[in-house]
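Participant: Sequence first, then the predicted structure:
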Amino acid sequence: MSEPSPSPGDPPGAAPTDRPTTARAGGSRGGRIAKSAVSAVLITLTCILVPLSLLTVWVHDIVLDTDRYVSTVKPLASNPAIEEAAVGRITKAADVHVDGSQVTADLAKWLESQGLPPRVGNAVKALGPQLDSAADQVVSKVATRFVESDRFEKVWTVANRAAHNAVVHALTGKGRGAVGVDGGTVTLDVGEAVDKVKEELVAAGVSPAEKIPEVDKQMVLFQNDKLGQIRGAVRLLDVLGNWLPVLTVVLGAAGVLLAARRRRALVTTALCAAFACLLVAIALVVGRRYYLDHLPAEVQSPAAAAAVFDTLVRFLRVSLRTAMVLGIVVALGAYLSGAGRLPRGVRGRADRTADSAARWGAGHGVHTGGAGRWVEAHRHALTVGALLVIALVFALWNHPTVLTVLLLVLILLAVLAVLALLAAGGRVADGAGGAGGAGGPADRPAPRPDRE
């Protein structure tokens, strides 16, 4: 087999240049650079898609789901701002007018015909405006009593359930209901509530209430000239559906796996996703303030509009806070599992504490026996299994919150503590749990810097 000929640029007597090896090294470096670039792109997409995924879940589970929508808006029936707005709108819709001047004039004329002096008739005529005001107060009182009762909550719930099709219509152009959509204005029909108040007025002896006409009064919930643009965005989110969260997780996992330093990539992904959710939460606060500062004249009660806005986006806010806390927890866990000085110190201190507890237990007749030795031998696999189980529970949890994240973290920490104690018991049983004993935490070789 012939030797490779020297390169023209090689000095005389020099060994032939190993060009294939150099080419392979260059190709390997090029592949690593390409993988790192793809990883960076995927991680960036993941950070952008995390808050967008939360938005799609909110659209599906709150805006486009009747049962959840009704359960969301049901507490508004007892909201003071909504009650005040409903009383004012129902009172205005009922529109009970008593012609106080005519009634008092007739009464004064009758009194004069009975021989009373004219000054008595004049005094009675002066009561006309007060009679009008008294009639308005009666209507308002009856309306207030009705709105503050459980009956209004039932009317509110039934109306909103029937109205959900119109909410879908407002966002997708499909469906009708008690909620009307005209351009960018969304209204709620309070006609049924007016009918209930009319019945109570008649029962209370306010006979003019019998003349209240059949009404189809609307209470403006909110108004936005850009509702058409919002419809387009919601239709797009509806198409994406529940696939976007799954796609986000897949892209994030692929980005971390392709990274040269996976642990560092996981920390970066988690923190950047949490920061993206923080930006969306801030934008939500700014948008709320802008919306309330630019309410149109059609909205009768700014306080009621604020209550409706806050109620509808409450679950979105909770989801954003949950994602932020989850991102911080994942980043912290990934960092503490690394090979840095601080993570090694924390884990070493935990192992030394577990060894001390195991030695104390052994001194008092508490031994883990074969179970402890088995846990010590399979501790890494058991830890990974515990992490996967916690992750699966979180993924299957219906609308997790910050408390859900903290609860699962506490459960995970408890499981890891039990594994550490069992493993320490196995080391003590093997005679490796003493201070400086062979195989103890202090004598273990420091982990080599793996692909963090």
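Facilitator: Yes, it's here. The structure displayed is predicted, hence computed values, not measured ones. Residues are numbered from 1 along each chain as shown.
Participant: Show me what the helix or strand hosting residue 417 is packed against.
Facilitator: Element membership for residue 417 (DSSP states H and E) is helix 402-429. Judged by 3 or more C-beta pairs under 8 Å, 6 or more residues apart in numbering; DSSP states H and E, helix 402-429 is in contact with helix 314-336, helix 341-363, helix 369-377, helix 379-396. Glycine gets a C-beta too; all of them are placed from N, C-alpha and C.
Participant: Measure how buried the closest residue to residue 75 other than its chain neighbours is and give me the count.
Facilitator: Nearest residue to residue 75 in three dimensions, chain neighbours excluded: residue 311, at 7.0 Å (C-beta to C-beta, 6 or more residues apart in numbering). Neighbour count for residue 311, taken as other C-beta atoms under 10 Å: 17.
Participant: and residue 311, what is it in contact with?
Facilitator: Residue 311 makes contact with 72-73, 75-76, 79 under the criterion C-beta atoms under 8 Å, 6 or more residues apart in numbering.
Participant: Let's see if you can find the most crowded of the residues you listed.
Facilitator: Note: the member of the contacts of residue 311 with the most neighbours is residue 73, at 24 neighbours, neighbours being other C-beta under 10 Å.
Participant: Next, the buried residues of the helix or strand containing that one.
Facilitator: Assigned by DSSP H and E, residue 73 falls within helix 66-73. Buried residues in helix 66-73, defined by neighbour count with 16 or more other C-beta atoms under 10 Å: 68-70, 72-73.
Participant: Quick check: the gap between the nearest residue to residue 369 once chain neighbours are set aside and residue 248.
Facilitator: Spatial nearest neighbour of residue 369, chain neighbours left out: residue 429 (6.5 Å); criterion: C-beta to C-beta, 6+ apart. Noted for residue 429: a distance of 46 Å to residue 248, by C-beta to C-beta, to the nearest Å.
Participant: of those two, who's got more company?
Facilitator: When residue 429 and residue 248 are compared for neighbours, residue 248 comes out ahead with 22 against 19, by other C-beta under 10 Å.
Participant: about what we covered before: any idea which of the helices and strands packed on helix 402-429 is most buried?
Facilitator: helix 314-336 (a mean of 19; mean count of other C-beta atoms under 10 Å).
Participant: picking that back up, could you save the helices and strands packed on helix 402-429 as CSV and add columns showing distance to residue 35 and mean pLDDT?
Facilitator: Formatted as CSV, these follow (distance: least, C-beta to C-beta, whole Å; pLDDT from 0 to 100):
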stretch, distance to residue 35, mean pLDDT
helix 314-336, 20, 92
helix 341-363, 25, 88
helix 369-377, 34, 86
helix 379-396, 24, 90
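Participant: any chance of those helices in TSV, with distance to residue 421 too?
Facilitator: Below are the helices and strands packed on helix 402-429 laid out as TSV (distance: least, C-beta to C-beta, whole Å):
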stretch	distance to residue 421
helix 314-336	19
helix 341-363	5
helix 369-377	8
helix 379-396	11
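Participant: List just the one of those helices that sits closest to residue 240.
Facilitator: helix 314-336 (15.9 Å; C-beta to C-beta).
Participant: can you list contacts of the closest one?
Facilitator: So helix 314-336 is contacted by 50-51, 54-55, 57-58, 61-62, 72, 263, 266-267, 270-271, 273-274, 277-278, 280-281, 284, 343, 346-347, 394, 399-402, 404-406, 409 (C-beta under 8 Å, 6+ apart).
Participant: Need the buried ones from those selected in PyMOL.
Facilitator: Selection of the buried residues among the contacts of helix 314-336 in PyMOL, burial being defined by 16+ other C-beta under 10 Å:
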select buried, resi 50+51+54+55+57+58+61+62+72+263+266+267+270+271+273+274+277+278+280+281+343+347+400+404+405+409
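Participant: Ramachandran angles for residue 364?
Facilitator: phi -110, psi 20 (degrees, to the nearest 10).
Participant: what is the rounded mean pLDDT of stretch 164-179?
Facilitator: Across stretch 164-179, pLDDT averages out at 56.
Participant: ok, now stretch 39-53?
Facilitator: The model assigns stretch 39-53 a mean pLDDT of 93.
Participant: hmm, back to that, next, work out how far apart the residue nearest to residue 369 and residue 32 are.
Facilitator: From residue 429 to residue 32 the distance is 45 Å (C-beta to C-beta).
Participant: same deal with residue 357?
Facilitator: 44 Å.
Participant: Verify the stated contact: residue 66 with residue 73.
Facilitator: No: checked against C-beta atoms under 8 Å, the pair residue 66 and residue 73 is beyond contact range at 11.0 Å.
Participant: which one is residue 302 nearest to, not counting chain neighbours?
Facilitator: Nearest to residue 302 is residue 295, by C-beta to C-beta, 6+ apart, at 5.5 Å.
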